[in-house]
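Engineer: sequence first, predicted coordinates after that:
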Amino acid sequence: VQLQASGGGLVQTGGSLRLSCAASGRTFSMYSTGWFRQAPGKEREFVSAITRSGGSTYYADSVKGRFTISRDNAKNTVYLQMNSLKPVDTAVYYCAAGTGSWREDEYDYWGQGTQVTVSS
């Protein structure tokens, strides 16, 4: 599975962005998909994940209520709708596919990352 993340950009505090993670390969629907982020000088952290069917979703406490993850298996794409963005959300966002939820080591495939910058 190859993943391509897109949709990042520069937005003001309180603004919104929608990230997309497009996957190649017919088996995408067999994988849970997660979003992680890495801010400058910090370790990569879990943001959100969605199970294969989309029936269950998971969120880090820091984004709960502001971010929404969804997927369209017919389009081989997972989305991360980010609302009420804050400067602390500034990071490179990565999508990943695997069998896990919040643990990085449960994801086997990673996209290249997309930069999100939130200005104050």
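Structural biologist: In hand now; what should we look at?
Engineer: was I right to think residue 89 contacts residue 116?
Structural biologist: Yes: using Cβ atoms under 8 Å, residue 89 makes contact with residue 116 at a distance of 6.4 Å. C-beta here means a position set from N, CA and C on the backbone, and glycine is covered the same way.
Engineer: overlap of the contact sets of those two?
Structural biologist: Counting by Cβ atoms under 8 Å, 6 or more residues apart in numbering, the common neighbours of residue 89 and residue 116 are 37, 82.
Engineer: spatially central residue in the chain, please.
Structural biologist: residue 35 (2.7 Å; Cα atoms, centre = their mean).
Engineer: can you tell me the SS state at the closest residue to that residue other than its chain neighbours?
Structural biologist: Leaving aside its sequence neighbours, residue 35 sits nearest to residue 47 (Cβ to Cβ, 6 or more residues apart in numbering; 4.3 Å). Assigned with DSSP: H, G, I helix; E, B strand; the rest coil, residue 47 falls in the strand class.
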